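Chemist: Need coordinates for the below:
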Amino acid sequence: MSGSSPAARLQRLFEGRRLTPTQRRIAHSMVRRAADAPFLSSVELAELAGVSQPSVTRFAVALGFDGYPALRRHLREVAPAETAPGTEDAYNEYQQAVRAEIENLQHLTELLADPAPVERAGRLLAGSRPLPVLGLRAASSQARGFGYFAAKVHPDVRVLDEGGSALLDRIDAVSRAGATALMCFALPRHPREVLDGLAYAQEQGLTVVTVADSAFAPVAKHSDLLIPGAVGTGLAFDTACAPMLLGRVLLEAMCDALPEAQARLEDFDARAAARGLFVE
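Modeler: Numbering: from 1, shown residues only. The predicted structure follows:
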């Protein structure tokens with residue numbers, strides 16, 4: 001990808017920003033029309049993205065500008081007078097999103113060079129009976145996926161994937177049942193009730209292990225052990241390859257800390273074969 005092309009510069013302007021789905025739609029429209037973006041009016045950009053004109057104004061403010069005119073002036077200042085042939089991005093927006101996720105996985109690889117935090121998390125999760133796994137809204141699929149596999153090796157896994165007034169009741173229940181740790185998946189945008197739930201879990205004496213998009217995520221202050229896995233922000237909705245893989249890594253560490261894990265897996269395989277559960 002050419003680092004000096006209009007699309008590349010626009011992509012860098014948007015990277016790492018916490019934009020709403022509507023704002024990302026605007027950003028993607030600008031990337032697709034990178035050469036024209038500095039010359040589009042707010043009305044033209046709104047029509048191009050299929051959003052309202054006030055949404056374009058809020059988008060510019062979210063990027064740190066006083067309004068859309070200031071954003072457009074900035075784009076004109078950094079835009080080259082002429083784009084030389086062959087300097088357009090070699091990758092389209094979908095490919096760029098994939099490449100960004102590859103970079104997130106590379107960062108995770110570097111993080112895991114020190115296995116101590118993951119190994120500690122594995123011991124904490126293995127030792128909790130029951131093991132509550134929390135994940136709301138965008139993170140609910142991560143919690144359910146973790147819970148599905150964890151239940152194959154852990155004797156009592158309880159997925160907490162619904163918020164509301166019952167969440168604290170369910171945390172109460174696992175605490176009374178003997179839980180000592182809570183596994184949490186926290187992804188943007190971070191629901192306030194997740195923070196409330198983690199704070200309450202700590203009040204009940206649970207050790208909170210969290211997978212979040214950043215070490216500085218809002219849930220950090222309510223986590224005893226936080227392991228970050230960055231999310232991709234190049235599409236309208238976040239992509240969470242690194243958090244998902246990190247969840248599988250934690251499952252592996254938990255299996256290592258459960259002496260009966262291998263026996264449980266072998267028993268499951270035998271029962272599955274006897275029932276013809278899977279099509280080979």
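
Chemist: For residue 145, which residues are in contact?
Modeler: Contacts for residue 145 were tallied using Cβ atoms under 8 Å, 6 or more residues apart in numbering; they are 244, 247. For every residue, glycine as well, the C-beta is placed using N, CA and C.

Chemist: which secondary structure element contains residue 273?
Modeler: helix 261-275 (DSSP states H and E).

Chemist: Not counting residues beside it along the chain, what's closest to residue 225?
Modeler: residue 209 (4.9 Å; Cβ to Cβ, 6 or more residues apart in numbering).

Chemist: Residue 29 contacts residue 48, doesn't it?
Modeler: Yes. Contact criterion Cβ atoms under 8 Å: residue 29 and residue 48 qualify, at 4.9 Å.

Chemist: just to revisit the earlier point, pretty sure the residue nearest to residue 225 is in a helix, no?
Modeler: No. Residue 209 is assigned strand when assessed by DSSP: H, G, I helix; E, B strand; the rest coil, not a helix.

Chemist: how far away is it from residue 123?
Modeler: Counting by Cβ to Cβ, to the nearest Å, the separation of residue 209 from residue 123 is 10 Å.

Chemist: what does residue 172 give?
Modeler: 25 Å.

Chemist: show me what contacts the residue nearest to residue 225?
Modeler: Contacts of residue 209 by Cβ under 8 Å, 6+ apart are 121, 124-125, 181-184, 223-227, 250.

Chemist: So what's the residue count around residue 98?
Modeler: Residue 98: 14 surrounding residues under other Cβ atoms under 10 Å.

Chemist: Repeat that for residue 55.
Modeler: Using other Cβ under 10 Å: residue 55 sits among 18 other residues.

Chemist: same deal with residue 131?
Modeler: 26.

Chemist: isn't it right next to residue 154, touching?
Modeler: Yes. Assessed by Cβ under 8 Å, residue 131 is found in contact with residue 154 at 5.5 Å.

Chemist: shared neighbours, those two?
Modeler: What both residue 131 and residue 154 touch, as defined by Cβ under 8 Å, 6+ apart, is the set residue 125.
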